[in-house]
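> Sequence first, then the predicted structure:
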Amino acid sequence: MKNYLIILFCFLGVQLIGQSQISFVEGTWEEVLEKAKEENKIIFVDVYATWCGPCKMMAKEVFTQQKVADFHNATFINAKFDADTEIGGAVANQFEVSALPTFLYVDASGELVSKTLGYQEADLFLENGRKASVIATDFAEYQVKYEAGDRSPEFMAKYLDLLNTKGETDACRGILGEMIATDDSWKTAEIMDVYVSIMEPADYDDLFVFFLNNQKDFKAFVDKDRMESVIANYVVNKTYETATDMKDMAEQAEVLFNKYIPENATKFSSFVWISYYESEEDWDNYIIHVDKYLNAAEANEYELNAFAWNIYMNVDNSAYLEKGLEMALQSVEIEAQFANTDTVAALYYKLGNKKKAKKYARIAIDMGVEEGADVSETEALLDKISAM
């Protein structure tokens, strides 16, 4: 209960297990390379750890999907290595793995074709695999066409996408810089997708500064939520670096949000104010800004649960506890999990509703056991409820 983020990343999941799964070969890295040479295939490598929540999610939700399994089993030699073991650690070090899960696409000679990381929905995961397959077999042809002068928007979109997937971001940046300085051929959804993915949300990045000053051009081709997320990241980073304290940061952020995202400024600025008032333990203003955020945004189950848990832990006012309970119940309604069900039980307990507190505590314990969570604190809570 105390570390919500660990619960969030380690135990998120839905109970959808397909009838098929990616078939992973056993053996050392050298044996995997040898098998790839024998079958003339490239290698897909899942670098994971047993404690990694997103790694478990990929194994449970994505690797088991029929379309994913069929494509990977037909296209790659599939291998997986635990980064915490001697063999897996050596593979992780060789390919400079810095986060988990990391997915490597390697040719039979041991050369890295491409690398992606983090939890990915099945369609994105498949698309990254297809790109790696194209890079391994056809990228040389794309390079020849580019050097021969092909600059059609359709070709450039594919070429830039493959360059980016290969990790050659400097080359992408240089090409995009030339394109925006020359004509409007870069104004396609596919090229802008690469553009937004490689720019850094900071004042020192020329691509980002151009993006920030020419949002109208991008809005026609880039998803609104994605644009707002990039700008919000920029504002938070910028104000964190320049602010004298958290209050100053919130004040600066509010000004910049109103400047760059005026239609959704309340949504983003209220979230920063929530963090400030939480740090100050000013729970009256914390709840005021939580209300502002909830009125301006469609909060997900994790945000609702985090707000509700903070209220449970820090507030005794019954009206505020009722607000917290409402948030926790909304979170459970979106998707019931151990963490938010436990929060409901705790709030009912603090409000003196023994019957409902006991009911939700028992449900939470059952869910926690199924998820593999530590339920000892919830069991202790159940003892307190029973003694009411």
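Cool, the structure landed. Treat the numbers as computed from the prediction; the structure is a model and nothing was measured. Residues are numbered from 1 along each chain as shown.
> How many neighbouring residues does Ile198 have?
For Ile198, the neighbour count with other C-beta atoms under 10 Å is 19. All C-beta atoms are positioned from the backbone trio N, CA, C, and that covers glycine.
> Please look at it and Thr165 and confirm they touch.
No. With contact defined as C-beta atoms under 8 Å, Ile198 and Thr165 do not form a contacting pair (11.0 Å).
> the helices in the stretch 201-350 of the chain, which residues?
Ranges of helices in the stretch 201-350 of the chain, per DSSP state H, counting those that start in this stretch, are 206-213, 215-219, 224-242, 246-260, 265-280, 283-296, 301-314, 318-334, 338-350.
> highest average neighbour count across these?
helix 338-350 (a mean of 26; mean count of other C-beta atoms under 10 Å).
> Please identify which of the helices of the stretch 201-350 of the chain is closest to Val62.
helix 301-314 (19.9 Å; C-beta to C-beta).
> Run through who's touching that closest one.
1, 4, 8, 274, 278, 281, 283, 286-287, 290, 299, 320-321, 323-325, 327-328, 330-332, 334-335, 337, 339-340, 343, 346-347, 350 (C-beta atoms under 8 Å, 6 or more residues apart in numbering).
> can you do 7 Å?
4, 8, 278, 281, 283, 290, 320-321, 323-324, 327-328, 330-331, 334-335, 339-340, 343, 346-347, 350 (C-beta atoms under 7 Å, 6 or more residues apart in numbering).
> Same question for stretch 336-345.
By C-beta under 7 Å, 6+ apart, stretch 336-345 touches 1, 4, 7, 11, 301, 305, 308-309, 312, 325, 328-329, 331-332, 357, 360-361, 363-364, 367-368, 371, 373, 378, 381.
> now it: mean pLDDT?
If you average the pLDDT over stretch 336-345, you get 97.
> Check the offset of that stretch from the chain's centre.
Centroid separation between stretch 336-345 and its chain, computed with C-alpha atoms, centre = their mean, to the nearest Å, is 22 Å.
> Check which residues of the strand or helix carrying Glu190 are buried.
Assigned by DSSP states H and E, Glu190 falls within helix 189-198. By neighbour count on 16 or more other C-beta atoms under 10 Å, the buried set for helix 189-198 is Ile191, Met192, Asp193, Val194, Tyr195, Val196, Ile198.
> Could you list the domains of the chain?
Residue ranges for the domains of the chain, per automatic domain parsing: 1-120, 223-298, 301-388.
> Quick one: closest of these to Gln215.
domain 223-298 (7.0 Å).
> what's the average pLDDT for the closest one?
On average, domain 223-298 scores 95.
> Repeat that for stretch 51-62.
Mean predicted confidence for stretch 51-62 is 93.
> how close does the closest residue in space to Asn258 that isn't next to it in sequence sit to Asp245?
What sits nearest to Asn258 in space, not counting adjacent residues and going by C-beta to C-beta, 6 or more residues apart in numbering, is Ala265, at 4.4 Å. According to C-beta to C-beta, to the nearest Å, Ala265 stands 21 Å off from Asp245.
> what do you get for Asp170?
37 Å.
> How about Leu381?
36 Å.
> neighbour count winner among the two?
Ranked by neighbour count (other C-beta under 10 Å), Leu381 and Asp245 place Leu381 first, with 22 against 10.
> next helix or strand past the top helix by length along the chain?
Ranked by residue count under DSSP state H, the longest helix found in the chain is helix 122-147. Toward the C-terminus, helix 122-147 is succeeded by helix 153-166 as the next helix or strand (DSSP H and E).
> Quick one: distance of that next one to the chain centre.
23 Å.
> Sort out which residues of it are buried, please.
Those would be Met156, Ala157, Lys158, Tyr159, Leu160, Asp161, Leu162, Leu163, Asn164, Thr165, Lys166, for helix 153-166 by 16+ other C-beta under 10 Å.
> Distance to Ser386 and pLDDT added to the residues you listed, as CSV?
Shown next, in CSV, are the buried residues of helix 153-166 (distance: C-beta to C-beta, whole Å; pLDDT from 0 to 100):
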residue, distance to Ser386, pLDDT
Met156, 67, 97
Ala157, 63, 95
Lys158, 64, 92
Tyr159, 66, 94
Leu160, 62, 95
Asp161, 59, 90
Leu162, 62, 89
Leu163, 62, 90
Asn164, 57, 88
Thr165, 56, 83
Lys166, 60, 82
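> Among those, which one lies nearest to Asn237?
The closest of the buried residues of helix 153-166 to Asn237 turns out to be Asn164 (C-beta to C-beta; 22.0 Å).
> before we move on, back to that, which of the helices of the stretch 201-350 of the chain sits closest to Glu86?
Using C-beta to C-beta, the nearest of those to Glu86 is helix 338-350, at 33.7 Å.
> Burial check on the residue lying closest to Ser20 once chain neighbours are set aside, number of neighbours?
Nearest non-adjacent residue to Ser20, counting by C-beta to C-beta, 6+ apart: Ala69, 4.0 Å away. Neighbour count for Ala69, taken as other C-beta under 10 Å: 19.
> pretty sure Ala69 is touching Ile22, no?
Yes. Contact criterion C-beta atoms under 7 Å: Ala69 and Ile22 qualify, at 5.2 Å.
> so Asp82 makes contact with Ala49?
Yes. Asp82 is within contact range of Ala49, at 6.1 Å (criterion: C-beta under 7 Å).
> any idea how far stretch 283-293 is from the chain center?
26 Å.
> got a list of contacts for that stretch?
Outside stretch 283-293, the residues touching it (C-beta under 7 Å, 6+ apart) are 266-267, 270-271, 273-274, 277-278, 307, 314-315, 320, 323.
> how about 10 Å then?
Stretch 283-293 has contacts (C-beta atoms under 10 Å, 6 or more residues apart in numbering) with 250, 266-280, 282, 299, 303-304, 306-308, 310-311, 313-317, 319-320, 323-324, 327.
> Next: stretch 205-221.
For stretch 205-221, using C-beta under 10 Å, 6+ apart, the contacting residues are 172-173, 176-177, 180-181, 184, 186-193, 195-196, 198-203, 222, 224, 226-227, 230-231, 234, 260-261.
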